[in-house]
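Novice: Please find the sequence and the predicted model below.
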Amino acid sequence: MYRLLRAPFKAVTYTRWLHLCVPMLIVAVWMFIMPSSPLVPLLLVAPFGLVPWVRLAEGLQARFLLTPQDRGEDHKSAISASPSARWGDRWRTVLWLEIRLVLSSAALFSTVYLSSASVELGLAAFGHPSTRPWVPLDLPRWAAGFLTPVPVILLIGFIILLGEMINSIAGRLLGPSAAERLTALEARTEQLLERNRIARELHDSIGHALTVAVIQAGAARAAGSPEFTERALRAIEETGRAALEDLERVLLVLRESGRPPSQRPTLSEADRLLESARASGASVDSELRGPLDQLPGPVTREGYRILQEALTNVLRHCGPVPVRVRVEVAVGRLDLEVTNPLPDGPTLMSGGGSGLRGMRERAALLGGTAETGPHDGNWRVRARLPLERIR
C-alpha cells in the first residue's frame, strides 16, 4: 500500500508512461493515412522484430525509460541491451513489439478519455454544459466539482498499473537468454579470478619485500657494524625497487583491464629471489636445472610466485636458516621444491594463511599440485606444474 502511495511521486512512473506512448506515434501517422484500418500497424511492426538490431534499440530504450534507476549498472538490469543472436530472441522481440503496441494503445486511450472527462467535469462545475457522452448532463455543479479529480486519480493509477505491467513483460521478453546469462556469468567469474590473482600478486610481491626489509633492518641494528648496515641498506633498496616494479605492473592491470599483464617476473629471474634471501642472512643452496627461459608463460610466472612465497615464509617464520631450493624442468612438468629446517619453538608455517593457500591455488589453476608441510624434520614446499596442457 505504501509503495502504491509513493508511486505518483516517483519519476519512473512517468518515464514508463512516456515509454508506453512512444509507439502511438506510429498509430497516429497510420490513422492519418488510413483511419479505416486501425489494426494494420500490428502487422507492419512484426517484421521489424526479426531484425537483430531492433532488439538492441528496444532494450536500450526500455532500460532508459523503464528502469532508469539501474542506468550504468548492466549487471543489475533485467533487460538485455544486445542484438538478437538466435531466432528465439527474434521471435521474443516480435512478441514484445506487438504487446507494446497494444498496451500503448490502452495507455493513450485512457489518457485521452480520462483527462477529457476531468476537463468536462471541471467545466460543468462552473456551469458550462458538457457535450461529451461520458459526462452525465444532469449532474449538480457541486457534484461535478467533487468528481473533477476522480478521472485524474484513476488515470494515475492506470498509468502505474500499465507501467508495472510493461516493465515485467520487458524483463521476460527483452531479458537475457540462457546463453547470454551464461556468458555474463563466465565474464563475472573471470573478473573475480582476476581480482584474486591481483590480490595474490600484491601479497606475494609486497609481502616478500617487506619481510626482507624488516629482517635486514633488525639485523643491521643488532650487528652495530657500518659495513653490515651498508649491505643491509643496499639489499633493502634493491628489494624495494623490485617490489615497486611489481606493484606498477599490478596497477597497470587495474588501470587498463582490457590489456593482459605484461612482463611479469618469471623463473628465469629466480636468481633475484635467491640473492635477496641470501642478503637477508639465509644460506641458500640452489639447484636450477633445465631450460627455464623456454617454459610456457603461465607456468614460469606462477612458478616464480610460488618460489617467492616459499622463500618469504622461510624468512618470516624461521629467520636466516639454511634453505635448499631445487627447480627442475622434467619431462612434461616443472618440479619446484624448497626445504628448510623447522625452528625449535612453535611456528606459524603450518597455519592456513593466505600465502600457503595462494600457492595451492596457483598450482591448481594450472592443473598441478602444491604440497606444504613437515617432511623428515624439515619444512617442505613442493609444487608440480604440468607443461603439456598449458602449451
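Specialist: Ah, there it is.
Novice: contacts, neighbours, all on C-alpha from now
Specialist: Will do.
Novice: Spell out the residue ranges of the helices in the stretch 201-350 of the chain.
Specialist: Defined through DSSP state H, counting those that start in this stretch, the helices belonging to the stretch 201-350 of the chain, from first to last, are 226-255, 270-279, 297-317.
Novice: Need these in TSV (columns: mean neighbour count).
Specialist: Conversion of these to TSV gives the following (neighbours: other C-alpha atoms under 10 Å):
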stretch	mean neighbour count
helix 226-255	16
helix 270-279	18
helix 297-317	22
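Novice: Pipe these into a markdown table and attach distance to Pro47 per row.
Specialist: Written out in a markdown table, the entries for the helices of the stretch 201-350 of the chain read as follows (distance: least, C-alpha to C-alpha, whole Å):
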| stretch | distance to Pro47 |
| --- | --- |
| helix 226-255 | 44 |
| helix 270-279 | 64 |
| helix 297-317 | 50 |
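Novice: what about these, which gets the closest to Arg55?
Specialist: Distances from Arg55 to each of the helices of the stretch 201-350 of the chain were compared by C-alpha to C-alpha, and the smallest falls on helix 226-255, at 32.4 Å.
Novice: Who are the packing partners of that closest one?
Specialist: Taking 3 or more C-alpha pairs under 8 Å, 6 or more residues apart in numbering; DSSP states H and E as contact, the helices and strands that helix 226-255 lies on are helix 178-223, helix 270-279.
Novice: Need the pLDDT of Arg324.
Specialist: On pLDDT, Arg324 comes in at 93.
Novice: got the contact list for it?
Specialist: Under the criterion of C-alpha atoms under 8 Å, 6 or more residues apart in numbering, the neighbours of Arg324 are Val284, Asp285, Ser286, Glu337, Val338, Thr339, Asn340.
Novice: can we see that at 7 Å?
Specialist: Shown in contact with Arg324 (C-alpha atoms under 7 Å, 6 or more residues apart in numbering): Val284, Asp285, Ser286, Val338, Thr339, Asn340.
Novice: and it, how far is that from Pro52?
Specialist: The gap separating Arg324 from Pro52 is 62 Å, by C-alpha to C-alpha, to the nearest Å.
Novice: do Leu385 as well
Specialist: When C-alpha to C-alpha is applied, the distance between Leu385 and Pro52 equals 45 Å.
Novice: Of the two, which one has the most company?
Specialist: Applying other C-alpha atoms under 10 Å to Leu385 and Pro52 shows that Leu385 carries more neighbours, namely 27 against 18.
Novice: The closest residue to that one other than its chain neighbours and Arg305: what is the separation?
Specialist: Spatial nearest neighbour of Leu385, excluding adjacent residues (C-alpha to C-alpha, 6 or more residues apart in numbering): Gly368 at 4.5 Å. Taking C-alpha to C-alpha as the measure, Gly368 and Arg305 are separated by 14 Å.
Novice: And Glu388, by the same measure?
Specialist: Distance, Glu388 to Arg305, using C-alpha to C-alpha: 20 Å.
Novice: Then Leu336?
Specialist: For Leu336, the distance to Arg305 under the criterion C-alpha to C-alpha works out to 11 Å.
Novice: swap in Pro265?
Specialist: In this structure, Pro265 and Arg305 are separated by 8 Å, where distance is defined by C-alpha to C-alpha.
Novice: Same question for Glu275.
Specialist: Note on Glu275: its distance to Arg305, by C-alpha to C-alpha, is 16 Å.
Novice: domains for this protein, by residue range?
Specialist: Segmentation of the chain into domains, based on automatic domain parsing, reads 2-176, 182-386.
Novice: would you list every one of the strands in the stretch 51-200 of the chain?
Specialist: Under the criterion DSSP state E, counting those that start in this stretch, the stretch 51-200 of the chain carries no strands.
Novice: what about Ala199, how many residues close to it?
Specialist: Using other C-alpha under 10 Å: Ala199 sits among 13 other residues.
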